[in-house]
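Trainee: fold the following.
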Amino acid sequence: MCQRNRKIIYLLLVAMMGVYGCKHGSKGHVSSNAPNVEENGISDKSIFVMDSKWNTEEDKSIVLADLRGEVLVMVMIYTSCQVACPKLVADMKALHDKVHETTSEHVRYVLVSIDPERDTPEQLKAFAKKNEMDGEEWTFLQGTPESVREFANMLAVKYKEISPTDFSHSNIISVFNPSGELVYQMEGVGVNNDETTERILATATAMD
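Mentor: Purely as a prediction, here's the structure:
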């Protein structure tokens, strides 16, 4: 076989490896392909590329990049929800409790409202206290309708207002590494969270 043909075959094999190198599990494992890193050290696959302003339950203005350096466990809810959101909140608290048994460092739990008009910082604070989620490791965020939609699109979370006080929405908990890159998603409510817990701990341990 001539050298030119060997080179062509090699390039074809490399290309095929790139196509099949992305693995997805049944619960939404994310590609391990290396992202492109920009000059500021933030990759093009990071949620930190968003420069929109958000308000916390403490009425502080932040950008998502202010959360950089911690493992982020994130979910989108709205506080007046009476059906799925209470179960998602319970799932977040269950994850917190299981992870906390091993480590409380480097992990932050973030709840992003899909109803920014009604979920003001004051309402988010009251909700946090009511649900015993008022510790330093918990953060609630209110954005603009545009920033919330952009964030949801990055997570593949779908939501739709079906009445002035009610939304239909995806039930997805997402785990991000300290660089803001998605590493795992758990879909559904009340599902077994062992794998999610393991992924959170593994991502946090990698920081030590």
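
Trainee: so where is the chain shaky, pLDDT-wise?
Mentor: For the chain, the stretches with pLDDT under 70 are 1-40, 104, 208.

Trainee: can you give me the helices in it?
Mentor: 3-20, 84-100, 121-130, 145-155, 194-205 (DSSP state H).

Trainee: Throw the ones you listed into JSON lines and include mean neighbour count and distance to residue 67, thanks.
Mentor: (Each C-beta comes from the backbone N, C-alpha and C, glycine too.) Output for the helices of the chain, formatted as JSON lines (neighbours: other Cβ atoms under 10 Å; distance: least, Cβ to Cβ, whole Å):
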{"stretch": "helix 3-20", "mean neighbour count": "9", "distance to residue 67": "31"}
{"stretch": "helix 84-100", "mean neighbour count": "17", "distance to residue 67": "16"}
{"stretch": "helix 121-130", "mean neighbour count": "16", "distance to residue 67": "16"}
{"stretch": "helix 145-155", "mean neighbour count": "16", "distance to residue 67": "12"}
{"stretch": "helix 194-205", "mean neighbour count": "18", "distance to residue 67": "14"}
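
Trainee: what's the closest of those to residue 64?
Mentor: Residue 64 lies closest to helix 145-155 among the helices of the chain, at 7.9 Å (Cβ to Cβ).

Trainee: now do the same contact list for residue 156.
Mentor: Contact analysis of residue 156 by Cβ atoms under 8 Å, 6 or more residues apart in numbering lists 170, 172, 185.

Trainee: no, scratch that, I was asking about residue 53
Mentor: The contact partners of residue 53, by Cβ under 8 Å, 6+ apart, come to 61, 62, 63, 143, 147.

Trainee: tally of neighbours for the residue nearest to the second one when sequence neighbours are not counted?
Mentor: So that's residue 62. In space, and not counting its chain neighbours, residue 62 is closest to residue 54: 5.5 Å by Cβ to Cβ, 6 or more residues apart in numbering. By other Cβ atoms under 10 Å, 25 other residues sit near residue 54.

Trainee: can you tell me how far the residue nearest the centre of the chain is from residue 76?
Mentor: Nearest to the geometric centre of the chain sits residue 174, at 3.6 Å (Cα atoms, centre = their mean). Distance of residue 174 to residue 76, given as Cβ to Cβ, to the nearest Å: 9 Å.

Trainee: repeat for residue 61
Mentor: 20 Å.

Trainee: the more surrounded of these two?
Mentor: residue 76 (27 against 10).

Trainee: who's the more buried one bridged to?
Mentor: Note on residue 76: beta-bridge partners residue 112, judged by DSSP bridges.

Trainee: show me the contacts for it.
Mentor: Residue 76 sits next to 111-114, 148, 151-152, 155, 157, 159, 169-170, 172 when contact means Cβ under 8 Å, 6+ apart.
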